[in-house]
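**Q** Need a 3D model of the sequence below.
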Amino acid sequence: MIRFFDILFSFLGILFLSPVFLFLYIAIRLESKGGGFYKQLRVGRGGADFYVYKFRSMRIGADKQGLITVGGRDPRITRIGYFIRKYKLDELPQLFNVLKGDMSLVGPRPEVRKYVEHYTEEQRRVLSVRPGITDYASIEYVDENTILGQAEDADKVYVEQILPDKICYNMKYIEHRSVKEYFKIIFLTIWSIVH
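**A** Coordinates of the predicted model:
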């Protein structure tokens, strides 16, 4: 049933938000060199790699300077990038990932292989379900970039503190996975963005 809602909502989202997609794509292209979209290899269900799609919020080649975005003023982020990240608009192209079946609207956020390698056997349970656009961890860590921006070693703080905590939130969804929980998380996500 969850897959049915994923297909329905992602299709309707792409259809109705297509003018927004076009506007953001043009705005990104006008501000900085490079394409309007960005894709990055992430780890999905069963440990399989897939490309996650986003609107590009950083300058071309910025990911080679580190995988973690730090602080509210990371110099790699473009002006339009700050705006689309603030309102999570950079995640909209993941509706195509949902439609394809790589992702769900709700589920653990997919990580890059570098961080999945740190998972314990128990933590690898997050790979038993489709990764999602949003989950409890996304809601709780809405200010993650600010936290990392204040850390001396952002990578260490992410691996040793934030990542294990996020996985605990992921487990909460996995252990209570249902249509009711699915809609609850979607509602809480919308509320956290507009509130």
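**Q** for the lowest-mean-pLDDT helix or strand in the chain, packing partners?
**A** The helix or strand of the chain with the poorest confidence is helix 144-149; it has a mean of 76 (mean pLDDT, DSSP states H and E). Packing partners of helix 144-149 (3 or more C-beta pairs under 8 Å, 6 or more residues apart in numbering; DSSP states H and E): helix 154-157. Every residue, glycine included, has its C-beta placed from N, CA and C.
**Q** Tell me the buried residues in the helix or strand following the helix it packs on?
**A** Scanning forward in sequence from helix 154-157 by DSSP states H and E, the next helix or strand is helix 163-175. Within helix 163-175, the residues that count as buried by 16 or more other C-beta atoms under 10 Å are 163, 166, 167, 169, 170, 171, 173, 174.
**Q** For the helix or strand following helix 163-175, which helices and strands make contact with it?
**A** For helix 163-175, the succeeding helix or strand toward the C-terminus, using DSSP H and E, is helix 179-194. Applying 3+ C-beta pairs under 8 Å, 6+ apart, one finds that helix 179-194 contacts helix 2-31, strand 104-106, strand 132-134, helix 136-140.
**Q** Turn the buried residues of helix 163-175 into a markdown table, including pLDDT and distance to residue 180.
**A** Converted to a markdown table, the buried residues of helix 163-175 look like this (pLDDT from 0 to 100; distance: C-beta to C-beta, whole Å):
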| residue | pLDDT | distance to residue 180 |
| --- | --- | --- |
| 163 | 93 | 27 |
| 166 | 95 | 22 |
| 167 | 95 | 22 |
| 169 | 95 | 17 |
| 170 | 95 | 18 |
| 171 | 94 | 17 |
| 173 | 92 | 12 |
| 174 | 94 | 15 |
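**Q** Can you add distance to residue 86 and give those residues back as JSON lines?
**A** Output for the buried residues of helix 163-175, formatted as JSON lines (distance: C-beta to C-beta, whole Å):
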{"residue": "163", "distance to residue 86": "23"}
{"residue": "166", "distance to residue 86": "20"}
{"residue": "167", "distance to residue 86": "25"}
{"residue": "169", "distance to residue 86": "21"}
{"residue": "170", "distance to residue 86": "24"}
{"residue": "171", "distance to residue 86": "28"}
{"residue": "173", "distance to residue 86": "24"}
{"residue": "174", "distance to residue 86": "29"}
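**Q** Poorly predicted segments of the chain, please.
**A** 65-73 (pLDDT under 70).
**Q** Nearest spatial neighbour of residue 39, chain-adjacent residues omitted?
**A** residue 51 (4.3 Å; C-beta to C-beta, 6 or more residues apart in numbering).
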